[in-house]
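In: Sequence first, predicted coordinates after that:
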Amino acid sequence: EKGGYDHFMLKEIYEQPSVIKDTYRGRLLADKGIIKLGGLEEYIPKFINADRIIIVACGTSWHAGLVAEYIFEDLARIPVEVEYASEFRYRNPIITENDVVIAISQSGETADTLAAIKLAKEKGAFVYGICNVVGSTISRETHSGTYTHAGPEIGVASTKAFTTQITVLTMIALKLAQVKGTISKSDYMMHLRELDMIPTHVAAALKSNDKIEEIAAVFKNATNFLYLGRGYNFPVALEGALKLKEISYIHAEGYPAAEMKHGPIALIDEHMPVVVIAINSNHYGKVVSNIEEIKARKGKIIAVVTEGDTVVRELADYVMEVPKTPESLTPLVTTIPLQLLSYHIAVMLNKNVDQPRNLAKSVTVE
Ligand code: F6R
């Protein structure tokens, strides 16, 4: 049942090239320039005319929501707020009929997300669901939605659910951008072609597995990790830190790289591994400066870099390569080495990777 893998988590990490493809199969026709999402078509005007989109979710699904905030605002120019479902529901939030709420949930059973949906519906908002489990409560309670088609996710630590959620959210953003006219025809076509390449890129990123295992061996006894990223990769830093915490029980924090100087830099010394997403993007120069600041304080750098990178490779103690893709799609590839890093560290520490202590696959308590 684990398909020859030692753990469900590893199997699910390795399934990502195929399940990402399953997620967009029949929905993304890159050559024809078509994105067709059954649940979305008739509601496109609702999205386009919305005052804002509010995304509600928990945990890893909330991180997918944060990635979506960048892509929706960047490409479709629709204001987005991303909320922890638990905070949203208890805050007496301002919601109107002109808001569109997107609820993201792998299990489709998360109690706080479900309660946030009910509240949004009471206030008259249109609620769109992105779930993995077909027929789940959240998929039934939402007005419409899109399934991720990642297949069953058994490992408690969410991996393929995250990348397939981002795949769906990216398709929605591109579709809205096209209809609204906020993206040029050539940029739109380029994004579709590049999205269609993501399974190949993810497969390439997985090839670094052995190297990542070696890096894991070096750092497995660290007691703290810092994860840094900028822009689209800030949420990836949060997700990388969450993966490490939940399965290895090592304390880890994700931060926007620029925030380091506002506090966390005080933590850095030779015992602090810092995982930096330093891909070749708009933020490259700034991230390189952040790495230099960490080096100056003797922090150890593990960098996620674009294939062929030379500058960061010189500075970093260890690098994990990912293929080049447009910045808006990078979370789909930069996440992969971080999943593998946390997996190997947890295995080396003899932790129960698939069923970490105190955690459940669906959180049906509030
Ligand atoms: C992390 C993890 C949790 C879930 C969260 C939401 O790896 O699995 O943080 O992401 O409990 O669950 P869903 O997506 O089922 O609503």
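Out: All right, it came through fine. Numbers count the residues shown, from 1 in each chain.

In: Specify the beta-bridge partners of Val82.
Out: Ile55 (DSSP bridges).

In: burial of it, as a residue count?
Out: Using other Cβ atoms under 10 Å, Val82 has 23 neighbouring residues. C-betas here are computed from N, CA, C, even on glycine.

In: Also the one 5 residues further on?
Out: The local packing count at Glu87 equals 12, with neighbours defined by other Cβ under 10 Å.

In: Same question for the one 4 residues further on.
Out: Taking other Cβ under 10 Å as the criterion, the count of residues near Arg91 is 11.

In: do Ser107 as well
Out: So Ser107, with other Cβ under 10 Å, has 21 neighbours.

In: hey, where'd the strands end up in the stretch 151-300 of the chain?
Out: Along the stretch 151-300 of the chain, the stretches classed as strands by DSSP state E, counting those that start in this stretch are 224-229, 251-256, 273-277, 300-306.

In: if you compare the ones you listed, which one is most tucked away?
Out: strand 273-277 (a mean of 28; mean count of other Cβ atoms under 10 Å).

In: can you count the residues close to the residue of the chain at minimum distance from the ligand?
Out: At 1.9 Å from the ligand, Gly59 is the closest residue in the chain, using Cβ to the nearest ligand atom. Neighbour count for Gly59, taken as other Cβ under 10 Å: 22.

In: what's near enough to touch it?
Out: For Gly59, the contact set (Cβ atoms under 8 Å, 6 or more residues apart in numbering) comprises Ser158, Leu242, Val363.

In: Give the full set of residues in contact with the closest residue to the first one other than its chain neighbours.
Out: Leaving aside its sequence neighbours, Ser158 sits nearest to Thr60 (Cβ to Cβ, 6 or more residues apart in numbering; 4.0 Å). Applying Cβ under 8 Å, 6+ apart to Thr60 gives the contacts Gln106, Ser158, Ala161, Phe162, Glu239, Leu242.

In: thought the first one was touching Val134?
Out: No: between Gln106 and Val134 there is no contact, the gap being 11.8 Å when judged by Cβ atoms under 8 Å.

In: With neighbour numbers in mind, choose between those two.
Out: Taking other Cβ under 10 Å, Gln106 and Val134 do not tie; Gln106 has more neighbours (29 against 10).

In: for the more buried one, what are its contacts?
Out: So Gln106 contacts Thr60, Ser61, Cys131, Asn132, Val133, Thr148, Ala150, Glu153, Ser158, Ala161, Gln165 (Cβ under 8 Å, 6+ apart).

In: tell me the SS of the fifth one?
Out: Remark: Val133 carries the secondary structure label coil [criterion: DSSP: H, G, I helix; E, B strand; the rest coil].

In: just to revisit the earlier point, let me know the helix or strand that the residue nearest to Ser158 is in.
Out: Assessed by DSSP states H and E, Thr60 sits inside helix 59-71.

In: Quick check: closest non-adjacent residue to the spatially most central residue of the chain.
Out: In the chain, the centroid-proximal residue (Cα atoms, centre = their mean) is Ala64; its distance is 4.1 Å. Distances taken as Cβ to Cβ, 6+ apart place Gln165 nearest to Ala64, at 3.9 Å, with adjacent residues excluded.

In: Could you tell me which residues make contact with the one you found?
Out: Here Gln165 is in contact with Ser61, Ala64, Ile104, Gln106, Ile130, Asn132, Thr148 (Cβ under 8 Å, 6+ apart).

In: let's see 6 Å
Out: Ala64, Ile104, Ile130, Thr148 (Cβ atoms under 6 Å, 6 or more residues apart in numbering).

In: With Lys2 instead?
Out: Phe8, Lys11.

In: how about a cut-off of 10 Å?
Out: Lys2 is in contact with Phe8, Met9, Leu10, Lys11, Glu12, Ile154, Gly155, Asp354, counting by Cβ atoms under 10 Å, 6 or more residues apart in numbering.

In: just Val353 next, same as before
Out: By Cβ under 10 Å, 6+ apart, the neighbours of Val353 are 6-10, 155-157, 246-248, 342-347.

In: List phi and psi for it.
Out: phi -60, psi -40 (degrees, to the nearest 10).

In: Quick check: residues of the stretch 101-250 of the chain near the ligand?
Out: Remark: the part of the stretch 101-250 of the chain in contact with the ligand comprises Ser105, Gln106, Ser107, Thr110, Thr113, Val156, Ala157, Ser158, Leu242, Glu246, using Cβ under 6 Å from any ligand atom.

In: quick revisit: next one: the residue nearest to Ser158 from Ile172, what distance?
Out: Counting by Cβ to Cβ, to the nearest Å, the separation of Thr60 from Ile172 is 18 Å.
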